[in-house]
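Peer 1: model the following, please.
(chains A and B)
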Amino acid sequence: ETGVTQSPTHLIKTRGQQVTLRCSSQSGHNTVSWYQQALGQGPQFIFQYYREEENGRGNFPPRFSGLQFPNYSSELNVNALELDDSALYLCASTPGGKGTGELFFGEGSRLTVL
Amino acid sequence: AQRVTQPEKLLSVFKGAPVELKCNYSYSGSPELFWYVQYSRQRLQLLLRHISRESIKGFTADLNKGETSFHLKKPFAQEEDSAMYYCALSSYNTNAGKSTFGDGTTLTVKP
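Peer 2: Model prediction:
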């Protein structure tokens, strides 16, 4: 069973640039969620994708967008980067459906915005 | 609105001592509560969830709806329990993907 994988692991961008982060879900999982974890804080929900559609969004501006592909992998795109976007971005997958869910996390992509 | 509060950023105990990591939540619906753990240089992973009522690695947590708490307890801490612990909440009626996390407690177990 393959776990959640994310790429790249680290990247550095400058203000105003755009970034794309990638995630492959755990095999058998059709739902992918993205989280932002700033230093010293817990993960904060950005959005979730199910069946290639956004299925819930946290308190993040529209310049945070995403995609899910037919193989359930996903991308997180952030436009017009700001210094405060510097964080660890975590992808998590779940089997989907209601109730007894457990999040399976990747190791994260650490973004630094200069 | 959902909110999870972990009042202690840092907690330090000696090996063999009891440990309790506090978690309080606010949520108007039917909550599902989780504890996640991150060991050094490992990814975040589930430790336990209230619905399964299991004891994992000697840890237990009871959901107290009256006090809106889900404290994590272990009677005898071990050095390998040193890690970052996050309490998380999701609605039982939706996918756990939309979870709200606390800011975590770093547990250090001293020899």
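
Peer 1: for the residue nearest the centre of chain A, helix, strand, or coil?
Peer 2: Central residue of chain A (CA atoms, centre = their mean): A:W34, 2.9 Å from the mean position. Classification of A:W34 using DSSP: H, G, I helix; E, B strand; the rest coil returns strand.

Peer 1: next up, the contacts around A:Q26.
Peer 2: Taking CB atoms under 8 Å, 6 or more residues apart in numbering or on different chains as the criterion, A:Q26 is in contact with A:E1, A:T2, A:G3, A:V4, A:S93, A:F104. Quick note: C-beta positions are derived from backbone N, CA and C, even for glycine.

Peer 1: those: which two are farthest apart?
Peer 2: A:E1 and A:S93 (11.7 Å; CB to CB).

Peer 1: between those two, which has more neighbouring residues?
Peer 2: Neighbour totals were compared for A:E1 and A:S93, and A:S93 leads with 27 against 6 (other CB atoms under 10 Å in any protein chain shown).

Peer 1: can I assume the more buried one is in contact with A:W34?
Peer 2: No. Look at A:S93 against A:W34 with CB atoms under 8 Å: they stay out of range, at 10.6 Å.

Peer 1: report the set of residues contacting both of the two.
Peer 2: A:C23.

Peer 1: so what's the residue sitting nearest the centre point of chain B closest to, chain neighbours aside?
Peer 2: In chain B, the centroid-proximal residue (CA atoms, centre = their mean) is B:W35; its distance is 3.4 Å. In space, and not counting its chain neighbours, B:W35 is closest to B:L47: 4.4 Å by CB to CB, 6 or more residues apart in numbering or on different chains.

Peer 1: go on, B:S12?
Peer 2: B:T108 (4.5 Å).

Peer 1: which secondary structure elements does the helix or strand where the one you found lies contact?
Peer 2: Assigned by DSSP states H and E, B:T108 falls within strand B:105-110. If contacts are counted by 3 or more CB pairs under 8 Å, 6 or more residues apart in numbering or on different chains; DSSP states H and E, strand B:105-110 sits against strand B:10-14, strand B:19-21, strand B:83-91.

Peer 1: redo that, cut-off 6 Å
Peer 2: strand B:10-14, strand B:83-91 (3 or more CB pairs under 6 Å, 6 or more residues apart in numbering or on different chains; DSSP states H and E).

Peer 1: contact partners for B:L107?
Peer 2: B:L11, B:S82, B:Y85 (CB atoms under 6 Å, 6 or more residues apart in numbering or on different chains).

Peer 1: which of the residues you listed sits closest to chain A?
Peer 2: B:Y85 (10.4 Å; CB to the nearest CB).

Peer 1: lowest-pLDDT helix or strand in chain A?
Peer 2: One helix or strand of chain A scores below all others by mean pLDDT, DSSP states H and E: strand A:53-57, with a mean of 89.

Peer 1: that strand: partners in the sheet, and parallel or antiparallel?
Peer 2: strand A:44-50 (antiparallel) (DSSP bridges).

Peer 1: thinking again about what came up before, and the residue nearest to B:W35, what pLDDT?
Peer 2: Each residue has a pLDDT score; the one for B:L47 is 94.

Peer 1: tell me how far it lies from A:G108.
Peer 2: 18 Å (CB to CB, to the nearest Å).
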